[in-house]
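Asker: Could you work out the structure for the sequence below:
(one chain, ligands or ions: 1)
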Amino acid sequence: MPRSAATAEASRARPEWTRARRIVVKIGSALLAERETGALKRDWLASLVEDVAELVRGGREVVLVSSGSIALGRHKLGLPKGPLELEQSQAAAAVGQISLAHAYQELAAQSGLTVAQILLTLGDTEQRQRYLNARHTIETLLELKAIPVVNENDTVATAEIKYGDNDRLSARVAGMVSADCLVLLSDVDGLYTAPPAEDANARHIPLVTEITDEIEAMAGDAGTELSKGGMKTKIEAGRIATAAGTHMVITTGKVLHPLRAISEGSKVTWFLAKQDPVTAKKRWISGQLEPRGTVYVDAGADKALAAGKSLLVAGVKRVDGAFERGDAVVIRTLEGRELGRGLSEYARADAERILGRKSSEIADILGFEGGPELIHRNDMALTRK
Ligand code: GLU
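Answerer: Numbering: from 1, shown residues only. Have a look, this model is predicted:
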């Protein structure tokens, strides 16, 4: 395999890459598993993990979304070539996921990194309560300097409740953790005006600032046996990511050190988000979610919110409505003036028991460890005065 094709003269990487603090990298199956034998491409994975270690040393946070469980597992089980039955792919995933996790663990250890396995289903990213749980775990792992390695939980996901491709899953994960940048490592180096394998006149598109119908039409294909997502799911991922404020870049993973190659200005396609992740989330909270309740806060909390702080349980005097953890609630002063909206960390029943109490008392009252915040500032959109 050639080393990264970038040279000293290559154009420099875009600021969306050099300034990204939190990066999600999606790794496609075709990059990880040999097509014929299903063997793991160890040297390639080692080079990728070294790139991740380099980014981490440079102060970045990295989340990996790795495919490959089915591709690795199907050969071990001696399953036939061609499309698999659902049960067969679930069985293959169960076998392959262990090899995959093991390979990441071993190679990461060589670079001094700790990896953590996260298996998600569609529901974990779509239902707010489970979404918050998954997000908390990933955030905690990042704080502890571990590298989350995410995949879909293929062994339990059935067709109706399945992403089926990690392009869209990785875009959801990027939104979930408010990543600045999502990298789709693929077997093509970006988007072309037509599928390059079929059309010799296809031109590479380096930059997409808006996903128009014309861009959609360029996608064409639906993927291969090894890679579930074709360009179509990549463009859908682009929609999800950019709407959540995350820039997305598609580039080839068919070189060693594919992330270093991006830093060196390799050939890629960027999909740019129009706003940052926090702004995008605040818009969603204030504009699209139906509030399930109201929390009434004291003057101290009113001041703290205006200063950009989170809403602490200690500053909440009263709650209304039937909200669950993760639901949107309206924040009001005791006189009823709306201050904003946000996602509640606690269900109403729990919130009521800890209202106005100090952080140190919360665990004793609830019988489980919960944070001092009722609404985190990143989950809150204040009403403009
Ligand atoms: N989750 C699948 C796997 O690990 C891959 C889906 C995809 O190729 O995008 O095999």
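Asker: Ramachandran angles for A347?
Answerer: Its backbone dihedrals place A347 at phi -70, psi 160, with angles given as degrees, to the nearest 10.
Asker: can you tell me which residues contact it?
Answerer: For A347, the contacting residues are F323, E324, R325, taking C-beta atoms under 8 Å, 6 or more residues apart in numbering as the criterion. In short, each C-beta sits where N, CA and C put it, glycine included.
Asker: neighbour-wise, which of those residues leads?
Answerer: Within these, most neighbours by other C-beta atoms under 10 Å means F323, with 22 neighbours.
Asker: That residue contacts V330, doesn't it?
Answerer: No - assessed by C-beta atoms under 8 Å, F323 is found out of contact with V330, at 10.1 Å.
Asker: Mind listing the shared neighbours of these two?
Answerer: Residues touching both F323 and V330 comprise P291, G293, with contact defined as C-beta under 8 Å, 6+ apart.
Asker: Please compute how far stretch 117-132 lies from its chain's middle.
Answerer: 11 Å (C-alpha atoms, centre = their mean, to the nearest Å).
Asker: Make JSON lines from the contacts of A347 and add distance to K41, pLDDT and secondary structure to it.
Answerer: Conversion of these to JSON lines gives the following (distance: C-beta to C-beta, whole Å; pLDDT from 0 to 100; DSSP: H, G, I helix; E, B strand; the rest coil):
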{"residue": "F323", "distance to K41": "48", "pLDDT": "95", "secondary structure": "coil"}
{"residue": "E324", "distance to K41": "44", "pLDDT": "92", "secondary structure": "coil"}
{"residue": "R325", "distance to K41": "41", "pLDDT": "91", "secondary structure": "coil"}
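Asker: For these, give me TSV that also has distance to the ligand.
Answerer: Formatted as TSV, the entries for those read as follows, by distance: C-beta to the nearest ligand atom, whole Å:
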residue	distance to the ligand
F323	33
E324	29
R325	28
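Asker: Closest one of those residues to V95?
Answerer: Of all these, the one sitting nearest V95 is R325; the distance, using C-beta to C-beta, is 35.1 Å.
Asker: show me the contacts for the closest one.
Answerer: If you count contacts by C-beta under 8 Å, 6+ apart, R325 has them with R128, Q129, L132, S344, E345, Y346, A347, D350.
Asker: what's it sitting at in phi/psi?
Answerer: According to degrees, to the nearest 10, the main-chain angles of R325 amount to phi -60, psi 130.
Asker: same check, this time on the one 5 residues further on
Answerer: The phi and psi values for V330, taken as degrees, to the nearest 10, are phi -90, psi 140.
Asker: where does the closest residue to the ligand within the stretch 251-385 of the chain land on pLDDT?
Answerer: The ligand sits closest to G253 of the stretch 251-385 of the chain, with a gap of 12.6 Å, by C-beta to the nearest ligand atom. The model reports G253 with a pLDDT of 95.
Asker: most remote residue from the protein's center?
Answerer: The outermost residue of the chain, judged against the average C-alpha position, is E335 (39.6 Å), by C-alpha atoms, centre = their mean.
Asker: Show the pLDDT at that residue.
Answerer: pLDDT, E335: 95.
Asker: Tell me the secondary structure of it, please.
Answerer: In three-state terms, and counting by DSSP: H, G, I helix; E, B strand; the rest coil, E335 is coil.
Asker: Provide the backbone phi and psi angles at the residue nearest the centre of the chain.
Answerer: The C-alpha lying nearest the average C-alpha coordinate of the chain belongs to V173 (C-alpha atoms, centre = their mean; 1.9 Å). Main-chain torsions, V173, degrees, to the nearest 10: phi -60, psi -40.
Asker: residues contacting the closest residue in space to H376 that isn't next to it in sequence?
Answerer: Across the structure, with C-beta to C-beta, 6 or more residues apart in numbering as the measure, the residue nearest H376 apart from its sequence neighbours is S310 (5.1 Å). By C-beta under 8 Å, 6+ apart, S310 lies in contact with A304, E373, I375, H376, R377, M380.
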